[in-house]
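1. Just to be clear, the model below is a prediction. Sequence and coordinates:
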2 protein chains.
Amino acid sequence: MQQVADRAGVSIATVSFVVNGTKYVTPATTARVRAAMRDLNFRGNVVARALASRRTRIIALLFPTTGNRFSPTTAQFFMSAAERASERGHHLVLWPVDPAGDDLDDLVSGGLVDGVIVMEVRMDDPRVAVLTSLEVPFTLIGRTRDSRGLPFVDIDFETTIVSSIDHLESLGHRRFALVLEDLEGTPMAGYAPHLRAQATFERVIAERGLVGQVAPAGAGSDGGRAAAEAILAADPDVTAVLVMKDDSSAGVLVGLYAAGRRVPEDVSVLSIASSATHADQHYPRLSTMVAPGRELGIRAADALIDQLDGVSDDLPHFLLPCTLRVAESTGPAPV
Amino acid sequence: MQQVADRAGVSIATVSFVVNGTKYVTPATTARVRAAMRDLNFRGNVVARALASRRTRIIALLFPTTGNRFSPTTAQFFMSAAERASERGHHLVLWPVDPAGDDLDDLVSGGLVDGVIVMEVRMDDPRVAVLTSLEVPFTLIGRTRDSRGLPFVDIDFETTIVSSIDHLESLGHRRFALVLEDLEGTPMAGYAPHLRAQATFERVIAERGLVGQVAPAGAGSDGGRAAAEAILAADPDVTAVLVMKDDSSAGVLVGLYAAGRRVPEDVSVLSIASSATHADQHYPRLSTMVAPGRELGIRAADALIDQLDGVSDDLPHFLLPCTLRVAESTGPAPV
DNA sequence: CTGAAAGCGCTAACAT
DNA sequence: ATGTTAGCGCTTTCAG
């Protein structure tokens, strides 16, 4: 940088000013400096800049290292938030972090990142306490149990579940099941989307005098199949299954087939908080409550960057429900 | 840090030594320093450390921002490499970068990251030139056309394709098709896995006097279905389809069904460089050449960190083929 | 409008 | 075994 200054016949400070646009510099001088930078192939040192200015324009999206749960929705958060951050002059990186938040301070201390987006939030997520005590700006994709004081964007699971049941009820269904991932005893126990969905499901079922059960599913296609068997054992007359775990929906179908049920003639299967791509992967294509992954990723990035730039004063509380996508016919059945 | 030193009655240098284990410090002193750190709730400043020591112990896995191609295998690379890096005292972050490598220097300059892992490599990937000129240590998951001078780990696509055809031929198949993603005209054109697989496919088909065709597929389930239709139009007697694009395999099945073909009775479908999880998602379950995603992620992390630590002198050239996983019966067919 | 200079918080010789 | 001290490369008051 000193070299650039010398070559342009200015001081190192002036170079800094043109690089950052911090202060007004004569067009003529600016041009000389830029030319010098070009000639010398000058690349600013991000680390030094960060140390001196206390900001890196890097934000981290926290990825919980447990459970290998890399869902399409997660990927959407990442990609859309990264895009938005980039548009607003920031970099977004996906950072694997222990779900307990133990290794969080290494990264955040000293201002390696300006702010943090937290996803896969649990009802009592330990990471928000850590982040708060570290005094680093953050935004949640998701909500803790009591999130009034926190900036968040989230899927409106309550509305999503109500709409799901509305839809199915309008089709004549009265006997329901909800398939959820079994997170008991794992670090992801207390996963907020599950608990909110389950609570709403049970409430609506009770209020409307419907029949409903909740079935936990293990991993993979096999877990889904086992869940389907358990559901049919508990209620052979069930006609509507809500599946809120992407990787078990295929297994649920197999389990239903194995028990002689046709889909959707005998039993309707609705994939909750999933994606169109995932739904189309099945045979038959599944109807789906599509998660607003991109929208939330964008909102989260905006909320955080607003906070960083001091643009906004109020803390965002943004809820968006999933939208129903009814499967089109898939075509002839496999024979 | 000065406060810690004061409180422990030592110099700031000593604190640095115990923090980094750089030099031997008396157990007694060490204890006093640690106590002081605890009392003062001291958190080292990563950025300052990086500036002074020229290393951050952070490595970046480059994620090409184009095409939304976040495959399960990508996720495996990320998670396994992150784990391994963590075991070896490094942090691994997933960094979205333009596939042309234009914004690479911002991140790498000034030593924000100690090294880089590149994935989704194209035959003439511009990123390796950038990285080379930036003089940042890097390792590829994948290979450029001429990769003799580069450290890489990769899937052995040649062997994988040969094994695939071996397997299917042993089952009596003589007429093949290979489904690939159509990347022509996109930033990912020249994607090495496709080109290597296609070249090997065509060579083996020709050498053995078999019948074969290559079919490009568009996005999603619909792209797969269209590909299946094109394949049947070109060769109604085709009996074996290799699918090297995860999101079109479901569509391929639908296309085959629609044309009255049974799977696997009439036509075998083999998913190439995919995962068990993905294969089990289908009906029927697909046989699969499973990509060694975790193994490669680990190897890549090791190779890079060896390079950073100066542990290893020779540059790694590690190739691993996919392994055949024959689908078990799925159970009764949907009716 | 531009320059001088004091740090940012830590590391790593070099001394002792 | 511990302390001194000169930077790492840049930002940012404060003068001029």
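-> Yep, that arrived.
2. how about low-confidence regions in chain A?
-> With pLDDT under 70 as the threshold, chain A has low-confidence stretches at A:67-68, A:329-335.
3. Show me the domain layout of it.
-> As recorded under automatic domain parsing, the domains making up chain A are A:2-53, A:58-155+A:293-320, A:157-291.
4. Quick check: end-to-end length of the first one?
-> In terms of Cα to Cα, to the nearest Å, the two terminal residues of domain A:2-53 are separated by 18 Å.
5. That one and DNA strand C, are they touching?
-> Yes. Residues of domain A:2-53 contacting DNA strand C under Cβ under 7 Å from any atom of the strand: A:9-14, A:17, A:23-26, A:28-29, A:48, A:51-52. Backbone N, C-alpha and C define where each C-beta goes, glycine included.
6. Just the ones of those residues in helices?
-> Of the residues of domain A:2-53 next to DNA strand C, the ones assigned to helices by DSSP state H are A:12, A:13, A:14, A:17, A:28, A:29, A:48, A:51, A:52.
7. Briefly note if stretch A:10-19 comes near chain B.
-> No. Using Cβ under 8 Å from any Cβ of the partner chain, we find that stretch A:10-19 stays clear of chain B, coming within 12.2 Å at best.
8. ok, and for that stretch, which residues are buried?
-> Neighbour counts over stretch A:10-19 (16 or more other Cβ atoms under 10 Å in any protein chain shown) mark A:10, A:14, A:15, A:16, A:17, A:18, A:19 as buried.
9. I'd say the first one and residue A:30 touch.
-> Spelled out, that is residue A:10. No. The criterion here is Cβ atoms under 8 Å, and residue A:10 misses it with residue A:30 at 9.9 Å.
10. picking that back up, I'd like the buried residues of stretch A:10-19 written out as CSV, with distance to DNA strand D added.
-> Below are those laid out as CSV (distance: Cβ to the nearest atom of the strand, whole Å):
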residue, distance to DNA strand D
A:10, 11
A:14, 8
A:15, 7
A:16, 3
A:17, 6
A:18, 9
A:19, 5
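11. Could you work out the most separated pair of those?
-> Comparing all pairs in the buried residues of stretch A:10-19 by Cβ to Cβ, the longest separation belongs to A:10 and A:19, at 12.0 Å.
12. quick one: residue A:23 and residue A:16, what's the gap?
-> Separation of residue A:23 from residue A:16 (Cβ to Cβ, to the nearest Å) stands at 9 Å.
13. Tell me who's in contact with the residue of the stretch 51-200 of chain A found nearest DNA strand D.
-> The stretch 51-200 of chain A approaches DNA strand D most closely through residue A:52 (3.1 Å), counting by Cβ to the nearest atom of the strand. Taking Cβ atoms under 8 Å, 6 or more residues apart in numbering or on different chains, we find residue A:52 in contact with no residue.
14. Quick check: residues of the stretch 51-200 of chain A near DNA strand C?
-> Residues of the stretch 51-200 of chain A lying close to DNA strand C (Cβ under 7 Å from any atom of the strand) are A:51, A:52, A:110.
15. what's the distance between residue A:166 and residue A:324?
-> Applying Cβ to Cβ to residue A:166 and residue A:324 gives a distance of 9 Å.
16. Same check on residue A:93?
-> Counting by Cβ to Cβ, the gap from residue A:93 to residue A:324 is 34 Å.
17. Comparing these two, which shows the higher neighbour count?
-> Neighbour comparison, residue A:93 and residue A:324: the larger count goes to residue A:93, with 23 against 15 (by other Cβ atoms under 10 Å in any protein chain shown).
18. Leaving out the residues flanking it, which one is nearest to the more buried one?
-> Spatial nearest neighbour of residue A:93, chain neighbours left out: residue B:93 (4.3 Å); criterion: Cβ to Cβ, 6 or more residues apart in numbering or on different chains.
19. and the one you found, that one's in a helix?
-> No. Assessed with DSSP: H, G, I helix; E, B strand; the rest coil, residue B:93 is strand; it does not lie in a helix.
20. Any idea what it is bridged to?
-> Beta-bridge pairing for residue B:93 (DSSP bridges): residue B:60.
21. was I right about it contacting residue B:57?
-> No. In this structure, residue B:93 is not within contact of residue B:57 by Cβ under 8 Å, at 11.5 Å.
22. how about the strands in chain A?
-> Remark: strands assigned in chain A by DSSP state E are A:58-64, A:91-97, A:115-118, A:138-141, A:152-155, A:175-181, A:211-217, A:240-243, A:268-274, A:287-290, A:317-320, A:323-325.
23. Could you dump those strands into CSV and include distance to DNA strand D?
-> Formatted as CSV, the strands of chain A follow (distance: least, Cβ to the nearest atom of the strand, whole Å):
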stretch, distance to DNA strand D
strand A:58-64, 14
strand A:91-97, 15
strand A:115-118, 17
strand A:138-141, 22
strand A:152-155, 29
strand A:175-181, 46
strand A:211-217, 52
strand A:240-243, 51
strand A:268-274, 42
strand A:287-290, 43
strand A:317-320, 31
strand A:323-325, 44
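24. Switch those strands over to a markdown table; also include distance to residue B:199.
-> Output for these, formatted as a markdown table (distance: least, Cβ to Cβ, whole Å):
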| stretch | distance to residue B:199 |
| --- | --- |
| strand A:58-64 | 36 |
| strand A:91-97 | 33 |
| strand A:115-118 | 42 |
| strand A:138-141 | 43 |
| strand A:152-155 | 45 |
| strand A:175-181 | 42 |
| strand A:211-217 | 42 |
| strand A:240-243 | 41 |
| strand A:268-274 | 37 |
| strand A:287-290 | 39 |
| strand A:317-320 | 46 |
| strand A:323-325 | 40 |
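25. Tell me which of those strands lies nearest to residue B:262.
-> Closest among the strands of chain A, using Cβ to Cβ: strand A:268-274, at 23.5 Å.
26. Return the angle between stretch directions for the closest one and strand A:175-181.
-> Here strand A:268-274 runs at an angle of 40 degrees relative to strand A:175-181 (axes from the mean of the first three to the mean of the last three Cα atoms, to 10 degrees).
27. For strand A:268-274, which strands pair with it and how are they oriented?
-> strand A:240-243 (parallel), strand A:287-290 (parallel).
28. ok, and which of those has the densest surroundings?
-> Comparing the strands paired with strand A:268-274 by mean neighbour count (mean count of other Cβ atoms under 10 Å in any protein chain shown), strand A:240-243 ranks first with a mean of 27.
29. which other residues reach that one?
-> So strand A:240-243 is contacted by A:161, A:164, A:168, A:173, A:175-179, A:201, A:224, A:228, A:231, A:249, A:252, A:256, A:267-272, A:286 (Cβ under 8 Å, 6+ apart).
30. what about residue A:310, distance to residue B:14?
-> Per Cβ to Cβ, residue A:310 is found 40 Å from residue B:14.
31. Likewise for residue A:252?
-> For residue A:252, the distance to residue B:14 equals 62 Å [Cβ to Cβ].
32. what's the neighbour count on residue A:132?
-> Residue A:132: 12 surrounding residues under other Cβ under 10 Å.
33. what's the burial count for the nearest residue to residue A:136 once chain neighbours are set aside?
-> Computed as Cβ to Cβ, 6+ apart, the closest residue to residue A:136 that is not its neighbour in sequence is residue A:108, at 4.7 Å. Residues lying near residue A:108 (other Cβ under 10 Å) number 24.
34. which of the residues of domain A:2-53 next to DNA strand C lies closest to residue B:238?
-> Taking Cβ to Cβ as the measure, residue B:238 lies nearest residue A:48 of these, at 60.9 Å.
35. buried ones in stretch A:127-134?
-> So stretch A:127-134, judged by 16+ other Cβ under 10 Å, has buried residues A:127, A:128, A:130, A:131, A:134.
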